[in-house]
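Q: following is a predicted model, sequence given first.
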Amino acid sequence: MRYDTVIIGAGLSGLAAGIRLAHFDRRVCLLERHTTIGGLNSFYRLRGRTHDVGLHAVTNYNPKGSKSGPLPRILRQLRFSWDDFGFSPQVSSKISFPGVTLRFSNDPGLLESEIALRFPGEIEGFRRLVKFVEDQPWGTAFPTSMTARGTLAEYLRDPLLIEMLLYPVLFYGSAAPHDVELTQFLILFRSIYRDGFARPYEGVRRILSVLVKRFRHLGGEIRLRSGVQAIESRSGKAVAVVLDDGTRIEADTILSSAGSVETARLCEAGLSEDVANGDSPAIPSQVPGELTFFESIAMLDRPPAELGIPETTMFYCGTPRFRYQNPGEPCNVDSGVICSPNNFAYELPLPESTLRLTVMANNRFWFERPSEEDYQEQKRIWRERIFAAALSHIPDFRPNIVDIDTFSPRTIRKYTGHHNGCVYGSPHKQWDGTTHLSNLFLCGTDQGMLGIVGAMFSGISMANKHVLGSQG
C-alpha cells in the first residue's frame, strides 16, 4: 500500500496539510491512533453534554474581510470562506495580579488605555514594544538565545507590568518554564493582544467538521484506530510507517504532527532494517517538554455573566510573579485561567453554561498514582482546592454547578501521546520542520506554531515548503 504523503496525526495541523496537498491531487492518508480526530483540540460527549478539549479561544483572529494575517492566508490556501468557520469575537478578558488588573479585548486600544492608566510611566515604552512586534513579518525567526524577558526589559522597566504581559503569552503557548523564545513571543503577543480571541458558536467541532468534509471531498483518506508504532528508514530516507496492527504503508513523504520526541522514538523503533544494512542514521536527541495542566469544566445552571463573571478569559495570579513551571505541588492553585465559552459575542446565547478553570500541574504526581481509586480521589481533592482558590477572583459559582468533568496530565498523555503529558511539546522548536531523514518533516506543535490557527498555518506551510515546492 503506497501514498504520495502519509500524515501522522489527524489534528488541525495534519488536516490542514492534508487538504492543501489534496488540492494538488496528491494521494494523502491521515493516520490517527484514536477513535476521533482533533488531537489537542477535539471534543467529546459526556452525560449528554458536549465538551471542547483544549480550546479556550481561537487566537490570531481577524475580522471578516481582513486581507493580512495568518487567518486570511489559511482561508485562501485551503479555499474556505469567512463564514465557513463561524467565528464570533470575545467580549473582553483581563489579567489580574494583586492590586492591579489590566483589561484587553480584540480592540488593541483597550489594553493601551489600561496601561496608560495603571502604568503611566510605561506607556511610551509599551508603544515602542508594539511597534517592534508589528514591524516583524509574521513568523520571523530569531536566534534561540533571544527571549521574551530580555526583549521586554529593553522597552519596559516595571517588573509587574512585564510579568502581567507575559502571563497570557506563557500560559497560551510556551513550552519552556518562565520564558519563551522571541520568535514564539512575537507570534503569541500579536495573536493575544493585537488580533484577539474568537470562537465558533458550536466550538471546535465546527472547525473539525468543515476540515474533514473538505479533505474527504478532495479524495483524502482518514484512518482512525491506526496508531503508528514505527517509521522505517533506509539510506537517510523514510520509506514506510508500520501501524500498531503490523500493517506497513509506504509513502514518498511523511509529515508528523506527533511531536519531535515522539517522532524520534518512532524512527528508533523502525531502525532494524538500516541496522542490518549497516547504514543506520544518527537520530538527534530530543528534549521532552514538562509543562502541563489540570482543568475542571463546570456546567452551570445559568450563564456565568449572571453570576458576576462577564469576562471571556481571566488570567489570575495571587503573587507578584507568575510561576510558569512544573510545580512542586500536584497543582499550582496560586494562579490559573478562568474561561467561559458563553462570553463571546454570539448572535444567540449558548444552550449550556460553562466555566473552565485551568492551572499548572505536576505531571509526575498524576502519572504515579498507585490506583485508579486514589487517582480519582486526588482529582476531586485538587478540583475543590482550585475552585476555592479561584473565589479570590470571581464570585462563588459552586452552588450553581450541575455537572463537572476534570482532566489531568494523565488524560493528556493518554489521548495525545505527548511525553510527560506536555501540552506545548518540546521547548526546542524546529521552525523549518526538517528532521534527520530527508523526506520526514514535522508540523504542528514542535514545528513551532501553536493554537488552532497556528496549527493549521503550520500544516499548510510545511506542505507548501517540503512537498509542493513551487506549486505551494
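A: Happy to help now that I have it.

Q: sticking with Lys130, tell me its helix or strand.
A: To be clear, residue 130 is Val; Lys isn't right here. For Val130, the host element (DSSP states H and E) is helix 123-135.

Q: swap in Glu268?
A: Here Glu268 is assigned to helix 260-269, by DSSP H and E.

Q: run through who's touching that helix.
A: Residues outside helix 260-269 that contact it (CB atoms under 8 Å, 6 or more residues apart in numbering): 8, 228-231, 233, 238, 241, 256, 258, 283-288, 417-419, 425-426, 428, 430, 435-437, 440, 442, 446. Where C-beta positions appear, they are placed from N, C-alpha and C, glycine not excepted.

Q: rewinding a little: for the helix holding Val130, packing partners?
A: helix 108-118, helix 148-155 (3 or more CB pairs under 8 Å, 6 or more residues apart in numbering; DSSP states H and E).

Q: for the protein, which helix is longest?
A: The longest helix of the chain (DSSP state H) is helix 372-390.

Q: buried residues in that helix, which are they?
A: Judged by neighbour count using 16 or more other CB atoms under 10 Å, the buried positions of helix 372-390 are 375, 378-379, 382-383, 386-387, 389-390.

Q: now distance to Leu46 and pLDDT too, for the residues you listed, in a markdown table please.
A: As requested, the buried residues of helix 372-390 are exported to a markdown table (distance: CB to CB, whole Å; pLDDT from 0 to 100):
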| residue | distance to Leu46 | pLDDT |
| --- | --- | --- |
| Tyr375 | 18 | 96 |
| Gln378 | 20 | 97 |
| Lys379 | 14 | 96 |
| Trp382 | 19 | 97 |
| Arg383 | 15 | 97 |
| Ile386 | 19 | 96 |
| Phe387 | 19 | 96 |
| Ala389 | 25 | 95 |
| Ala390 | 22 | 95 |
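
Q: and which of the residues you listed is nearest Ile309?
A: Ala390 (9.9 Å; CB to CB).

Q: hmm, the closest one is touching Ile338, no?
A: Yes - in terms of CB atoms under 8 Å, Ala390 counts as a neighbour of Ile338; the distance is 6.2 Å.

Q: overlap in contacts, those two.
A: Common neighbours of Ala390 and Ile338 (CB under 8 Å, 6+ apart) are 316, 357.

Q: tell me the contacts of the closest residue to Phe367 other than its chain neighbours?
A: Excluding the flanking residues, the one nearest Phe367 by CB to CB, 6 or more residues apart in numbering is Arg410, at 5.8 Å. By CB under 8 Å, 6+ apart, the contact set of Arg410 is 366-367, 369, 375, 421.

Q: what's the angle from the helix or strand hosting Arg410 to helix 260-269?
A: Assigned by DSSP H and E, Arg410 falls within helix 409-416. Relative orientation of helix 409-416 and helix 260-269, computed by axes from the mean of the first three to the mean of the last three CA atoms, to 10 degrees: 60 degrees.

Q: name the residues that touch the helix or strand that comes right after helix 409-416?
A: Counting by DSSP H and E, the next helix or strand C-terminal to helix 409-416 is strand 440-442. Contacts of strand 440-442 with the rest of the structure, by CB under 8 Å, 6+ apart, involve 231, 233, 238, 253-257, 259-260, 263, 267, 430, 433-435, 462, 466.

Q: could you give me the ChimeraX syntax to select whichever of those are buried?
A: Selecting the buried subset of the contacts of strand 440-442 in ChimeraX, with 16+ other CB under 10 Å as the burial test, is done by:
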select :231,233,238,253,254,255,256,257,259,260,263,267,430,433,435,462,466
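
Q: low pLDDT regions in this protein?
A: Across the chain, the ranges flagged by pLDDT under 70 are 44, 272-282, 470-472.

Q: what residues go with each domain of it?
A: 2-82+201-287+425-471, 106-196, 290-423 (automatic domain parsing).

Q: now the last one, how far from the centre of its chain.
A: Taking CA atoms, centre = their mean, to the nearest Å, the mean C-alpha location of domain 290-423 is offset from the chain mean by 16 Å.

Q: end-to-end on that domain?
A: Domain 290-423 has its terminal residues 9 Å apart, counting by CA to CA, to the nearest Å.

Q: out of the helices and strands packed on helix 123-135, which comes closest to Val453?
A: helix 108-118 (17.4 Å).

Q: just the CA trace of the closest one, in CSV.
A: This file holds the C-alpha atoms of helix 108-118, laid out as CSV (Å, rounded to 0.1, in the frame of the first residue of the first chain):
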residue,chain,number,x,y,z
PRO,A,108,-5.9,46.8,20.9
GLY,A,109,-6.7,50.3,22.1
LEU,A,110,-8.3,48.9,25.3
LEU,A,111,-5.0,47.4,26.6
GLU,A,112,-3.1,50.5,25.7
SER,A,113,-5.5,52.7,27.6
GLU,A,114,-5.3,50.4,30.6
ILE,A,115,-1.5,50.5,30.7
ALA,A,116,-1.6,54.3,30.4
LEU,A,117,-4.0,54.4,33.4
ARG,A,118,-2.3,51.7,35.6
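
Q: list the buried residues of that helix.
A: 108, 110-112, 114-115, 118.

Q: for Val212, see how far away the residue nearest to Arg79 when sequence neighbours are not counted is.
A: Of all residues not flanking Arg79 in the chain, His23 sits nearest, at 7.0 Å (CB to CB, 6+ apart). Distance, His23 to Val212, by CB to CB, to the nearest Å: 15 Å.

Q: how about Ala251?
A: Ala251 is 21 Å from Val212, by CB to CB.

Q: more neighbours, the two?
A: Between Ala251 and Val212, Ala251 has the larger neighbour count (other CB atoms under 10 Å), namely 23 against 19.

Q: got the contact list for that one?
A: 2-6, 29, 238, 240-241.

Q: quickly list what Thr406 is bridged to.
A: Ser296 (DSSP bridges).

Q: right, and it touches Ile381 too?
A: No - contact criterion CB under 8 Å: Thr406 and Ile381 do not qualify, at 10.9 Å.

Q: quick one: contacts for the residue nearest the centre of the chain?
A: Nearest to the mean C-alpha position of the chain, by CA atoms, centre = their mean, lies Gly451 at 3.7 Å. Going by CB under 8 Å, 6+ apart, Gly451 touches 58-60, 172-173, 191.

Q: can you put those residues in JSON lines and add secondary structure?
A: Formatted as JSON lines, those follow (DSSP: H, G, I helix; E, B strand; the rest coil):
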{"residue": "Val58", "secondary structure": "strand"}
{"residue": "Thr59", "secondary structure": "coil"}
{"residue": "Asn60", "secondary structure": "coil"}
{"residue": "Tyr172", "secondary structure": "coil"}
{"residue": "Gly173", "secondary structure": "coil"}
{"residue": "Ser191", "secondary structure": "helix"}
